[in-house]
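1. Model the following, please.
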Amino acid sequence: MPLTPATAEFDASPLRGRVVLITGGAQGIGRGVAQAVLGAGGSVMIGDLDAEAGRACLAEWQAGERAAFRRLDVSREASVRRWVEAAQACFGRLDGLVNNAGIADPHSGPLERLELAQWNRYLATNLTGAFLCSKHALPSLRQARGAVVHIASTRALQSEPDTEAYAASKGGLTALTHAMAVSAGPQVRVNAILPGWIATDAWRKPDARRRPKLSRRDHAQHPAGRVGTPEDIGTLAVWLLSDRAGFVTGQCFVADGGMTVKMQYA
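-> Sure, this is the predicted structure:
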């Protein structure tokens, strides 16, 4: 027997037969992840507050029994419990969870005028929601030896003024990532993606969809030469959910076209 194994072929459908739950999966990055999972042969249960957007996804995807939608409020435990139970009833198994749902606008105003209720709203949606979904999905994910992917943000690492609530919630996700990886392993792997500037205008529900308004300067400031797309995040998520990332857990992957490594001078 040779010491070195034979060259392994890469599966064109690395998630075939797998079921992935995706929060905030009807628009934006979440939709990009869902479509990437479907393209990789998997099935998806998407959850979103916007029922119109969720139904539009199913109509446009035409994926049959491989795609389902249920309305979901990740900040409410009863809603999360019902959503996970619906996925189990629909598909009979759970192999992956992508915690993507969140308040998209990072600007909450000056800290000294930030209301506690607004601060709590950011944390309830962006951070507590990931905790609740993970809590209720973990028993099934352990059985399947599955994976969790948190969608954080490069704002966990760097900030603009007046974004404390958003930054704190996304920074919390990166800490939750390594804590869960240690607690849930070896049965479940847990990683995070930190997107940078992702243009989601064309990934909304049909009546809100539009072409992104991006200048040459917008693209050129990225070392990769362009602003990101939901497909970029979806591709990375598929790898992290697949067996090809079987030795990767507790890690945070920055996907920002190189912006966080580019030196900036005023």
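2. Point out where the protein drops to low pLDDT.
-> Counting by pLDDT under 70, the chain contains low-confidence ranges at 1-4.
3. Which residue ranges of it form strands?
-> Along the chain, counting by DSSP state E, strands occupy 19-23, 43-48, 67-71, 96-99, 147-151, 189-195, 252-255.
4. Any chance of a markdown table for those strands, columns mean neighbour count and distance to residue 261?
-> (Each C-beta comes from the backbone N, C-alpha and C, glycine too.) Supplementary listing: those in a markdown table, determined by neighbours: other C-beta atoms under 10 Å; distance: least, C-beta to C-beta, whole Å:
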| stretch | mean neighbour count | distance to residue 261 |
| --- | --- | --- |
| strand 19-23 | 29 | 29 |
| strand 43-48 | 28 | 32 |
| strand 67-71 | 20 | 37 |
| strand 96-99 | 30 | 25 |
| strand 147-151 | 27 | 20 |
| strand 189-195 | 26 | 13 |
| strand 252-255 | 18 | 8 |
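5. Export those to CSV and append columns for distance to residue 218.
-> Below are these laid out as CSV (distance: least, C-beta to C-beta, whole Å):
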stretch, distance to residue 218
strand 19-23, 27
strand 43-48, 28
strand 67-71, 32
strand 96-99, 27
strand 147-151, 22
strand 189-195, 15
strand 252-255, 17
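6. and of the ones you listed, who's closest to residue 209?
-> strand 43-48 (15.5 Å; C-beta to C-beta).
7. In this structure residue 13 contacts residue 41, no?
-> Yes: counting by C-beta atoms under 8 Å, residue 13 touches residue 41, with 3.1 Å between them.
8. the more surrounded of the two?
-> Applying other C-beta atoms under 10 Å to residue 13 and residue 41 shows that residue 41 carries more neighbours, namely 17 against 12.
9. Contact partners for that one?
-> 13-18 (C-beta atoms under 8 Å, 6 or more residues apart in numbering).
10. List buried residues within these.
-> With burial judged by 16 or more other C-beta atoms under 10 Å, the buried subset of the contacts of residue 41 is 14-15, 18.
11. buried sites along the longest helix anywhere in the chain?
-> Using DSSP state H, we find that the single longest helix of the chain is helix 164-184. Within helix 164-184, the residues that qualify as buried are 164-174, 176-178, 180-181, 184, counting by 16+ other C-beta under 10 Å.
12. what's that helix in contact with?
-> With contacts defined as C-beta under 8 Å, 6+ apart, helix 164-184 is touched by 99, 102-103, 105-108, 111, 114, 118-119, 122-123, 125-127, 130-131, 134, 138, 141-142, 148, 150-153, 155-156, 159, 188-192, 194, 249-252.
13. Got a quick ChimeraX command for the buried subset of the residues you listed?
-> Of the contacts of helix 164-184, the buried ones can be selected in ChimeraX as follows, counting by 16+ other C-beta under 10 Å:
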select :99,102,103,106,108,119,122,123,125,126,127,130,131,134,138,141,148,150,151,152,153,155,156,188,189,190,191,192,194,249,250,251,252
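14. In helices only, show me the contacts of helix 164-184.
-> 118-119, 122-123, 130-131, 134, 138, 141-142.
15. Is it possible to get JSON lines of those that adds distance to residue 59?
-> Shown next, in JSON lines, are these (distance: C-beta to C-beta, whole Å):
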{"residue": "118", "distance to residue 59": "35"}
{"residue": "119", "distance to residue 59": "37"}
{"residue": "122", "distance to residue 59": "32"}
{"residue": "123", "distance to residue 59": "34"}
{"residue": "130", "distance to residue 59": "28"}
{"residue": "131", "distance to residue 59": "32"}
{"residue": "134", "distance to residue 59": "30"}
{"residue": "138", "distance to residue 59": "32"}
{"residue": "141", "distance to residue 59": "29"}
{"residue": "142", "distance to residue 59": "34"}
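16. Quick check: of those residues, which lies closest to residue 31?
-> residue 130 (18.1 Å).
17. residues touching that closest one, list them.
-> Contacts of residue 130 by C-beta under 8 Å, 6+ apart are 23, 74, 99, 150, 173, 176.
18. For residue 209, see how far away it is.
-> 27 Å (C-beta to C-beta, to the nearest Å).
19. ok, now residue 134?
-> Distance from residue 134 to residue 209, by C-beta to C-beta: 31 Å.
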